[in-house]
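**Student:** my questions concern the predicted model and sequence given below.
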Amino acid sequence: MKEKHQMGGEARGKNVLEEEQKESVAASFLAQLNDPLIFILFIAAAISFLLKEFGDMAIILAVVFVNAVIGVIQEGKAKRALEALKEMTSPHAIIREGMHIREIPAVDLIPGDVVVLEAGCQVPADLKITMAANLKIEESALTGESVPVSKNTTDKNIAYMSTNVTYGRGEGVVMAIGMDTEIGKIARMLRDAKTEP
């Protein structure tokens with residue numbers, strides 16, 4: 001079964017949130033300047049310089065500089081939010097294989113695995129609940145709700161990655177891993193968010 005997880009993980013991808021390529025502050029600052037509107041402002045500053053309107057030129061260049069600094073700060077906040085999401089994910093999972101229960105690294109989970117949920121554990125992937133005994137899961141990381149949500153096998157039958165089991169026990173089949181989970185979709189939106197001028 002261990003081989004199944006290794007082969008399946010390679011075929012479908014790992015159960016992790018993708019990391020954004022890290023770039024230096026200087027590269028991020030220069031990327032902020034790579035915009036048609038900024039080029040127009042540079043042309044306006046050059047024209048102001050040729051017309052000896054040094055005050056206008058200074059104001060235009062100051063606006064460009066402030067815009068780039070704000071863009072770098074916003075990108076930094078988005079990267080920190082993405083790192084916080086990654087830290088919320090569980091490092092391990094307890095799975096059922098037939099009559100056997102064992103612990104595996106959560107990154108090796110694949111769709112179709114049966115995950116055992118108990119009070120105090122973190123949900124390692126998006127799961128369809130197949131068995132629930134007084135199961136309650138705290139979903140404030142996703143929904144902001146402060147009260148744990150009761151889960152069952154009928155209407156409230158989805159457990160989301162990075163949420164915490166607060167009461168009861170249950171089992172669920174892995175439906176989505178990594179960037180395909182709900183928390184992964186949030187991470188993708190944070191990663192792909194563009195800074196508006």
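**Tutor:** Sure, I can see it.
**Student:** elements contacting the longest helix anywhere in the chain?
**Tutor:** Using DSSP state H to assign secondary structure, the helix with the most residues in the chain is helix 54-87. The elements that helix 54-87 packs onto, with contact taken as 3 or more Cβ pairs under 8 Å, 6 or more residues apart in numbering; DSSP states H and E, are helix 25-32, helix 36-50, helix 182-192. Placement of C-beta: from N, CA and C, glycine included.
**Student:** relative to helix 54-87, how tilted is the first one?
**Tutor:** Same thing as helix 25-32. For helix 25-32 and helix 54-87, the angle between their directions (axes from the mean of the first three to the mean of the last three Cα atoms, to 10 degrees) works out to 120 degrees.
**Student:** next one: helix 25-32 to chain centre, how far?
**Tutor:** Averaging C-alpha positions (Cα atoms, centre = their mean, to the nearest Å) puts helix 25-32 23 Å from its chain's average.
**Student:** same check on the longest one?
**Tutor:** If you compare the mean C-alpha spot of helix 36-50 with that of the full chain, they lie 38 Å apart, counting by Cα atoms, centre = their mean.
**Student:** now do it and helix 54-87, the angle between them.
**Tutor:** Computed by the same axes, to 10 degrees, the angle between helix 36-50 and helix 54-87 is 160 degrees.
**Student:** return the set of buried residues in helix 36-50.
**Tutor:** Buried residues in helix 36-50, defined by neighbour count with 16 or more other Cβ atoms under 10 Å: 38, 41, 44, 45, 48.
**Student:** list just the nearest of those residues to residue 145.
**Tutor:** residue 38 (42.2 Å; Cβ to Cβ).
**Student:** ok, and the closest non-adjacent residue to the closest one?
**Tutor:** Counting by Cβ to Cβ, 6 or more residues apart in numbering, the nearest residue to residue 38 once its immediate chain neighbours are dropped is residue 64, at 5.9 Å.
**Student:** show the pLDDT at the one you found.
**Tutor:** Residue 64 carries a pLDDT score of 88 in this model.
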